[in-house]
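**Q** Quick one, structure for this:
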Amino acid sequence: MSRFTDIEIDPGIVKRAARGDARAHAVIYRAFATPVYSLCLRLTRVPSNAEDLLQDTFIEVMRSIPGFRGEAALGSWIRRVALSKCLMFLRSSWHSKGQSLEDDWEEGPQGRQQDLSRRSSIDNAMDLDAALGALPSVSRSIVWLHDVEGYTHKEIADLMGKTESFSKSQLSRAYQRLRPLLEQVENTTCENPIEGLLPGGC
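**A** Next comes the predicted model:
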């Protein structure tokens, strides 16, 4: 899981933020800006896009925080807002190129897969960012949501406006492409394959 749920904010700060207190807004921003940016960068791979999505996320957070009821942790709620912004961005990007989510797997040169296999055989310590970077954007998002953030296929389908079958098939395709790396952790006790590629392992 990400660092979002490890960050604790005093309930009084949240209440002040809900009343429009600028200092409380700043406290929340400083606490969550880094994990939000990291998440956006992992999913979009472009720093300028991640910066824009960071700002979009906190505009939405500050606009909507009066309605935050604390039924989930503040970090979980902010993470969901950030994910929603990222997925909206990815969908709009594909629509602007005249492609659909189903076409996502054809993105990018085939050499990227060959390069992934070659480098993984040389360097068994390839990090997760490099591994995910070899995947198309939508598939990368589904892998991250499922194996790192812990979302179910139903939850991913709801977030992306797709079916559970779509989420499952994209994850299966991603595993096939990442197979050289996943084989490195096949003998571990990781619940999810990608967890074994995270810093520190599982």
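
**Q** what about the closest residue to residue 68 other than its chain neighbours, helix or strand, and which?
**A** Closest residue in space to residue 68, ignoring its immediate chain neighbours: residue 77 at 6.2 Å, by CB to CB, 6 or more residues apart in numbering. For glycine as for every other residue, the C-beta is placed from the backbone atoms N, C-alpha and C. Using DSSP states H and E, residue 77 sits within helix 74-96.

**Q** Which strands or helices does that helix pack on?
**A** On a contact count with 3 or more CB pairs under 8 Å, 6 or more residues apart in numbering; DSSP states H and E, helix 74-96 meets helix 22-44, helix 47-64, helix 137-143, helix 153-160.

**Q** In this protein, where is pLDDT below threshold?
**A** Along the chain, the parts satisfying pLDDT under 70 run over 1-2, 93-129, 181-202.

**Q** got the domain boundaries for it?
**A** The chain breaks down by automatic domain parsing into domains covering 3-95, 100-197.

**Q** Regarding residue 162, what is its secondary structure?
**A** coil (DSSP: H, G, I helix; E, B strand; the rest coil).

**Q** Counting neighbours, what do you get for it?
**A** By other CB atoms under 10 Å, the residues close to residue 162 number 18.

**Q** hey, which of the helices and strands packed on helix 74-96 is tucked in deepest?
**A** Highest mean neighbour count of the helices and strands packed on helix 74-96: helix 137-143, a mean of 25 (counted as mean count of other CB atoms under 10 Å).

**Q** Check which helices and strands that helix sits against.
**A** helix 22-44, helix 74-96, helix 128-133, helix 153-160, helix 164-177.

**Q** Report all helices and strands that the last one contacts.
**A** Pointing back at helix 164-177 there. Under the contact criterion of 3+ CB pairs under 8 Å, 6+ apart, helix 164-177 touches helix 137-143, helix 153-160.

**Q** Likewise for the first one?
**A** For helix 22-44, the packing partners by 3+ CB pairs under 8 Å, 6+ apart come out as helix 11-18, helix 47-64, helix 74-96, helix 137-143.

**Q** Out of those, the one nearest residue 149 is which?
**A** Proximity to residue 149, assessed across those by CB to CB, is greatest for helix 74-96 (7.4 Å).
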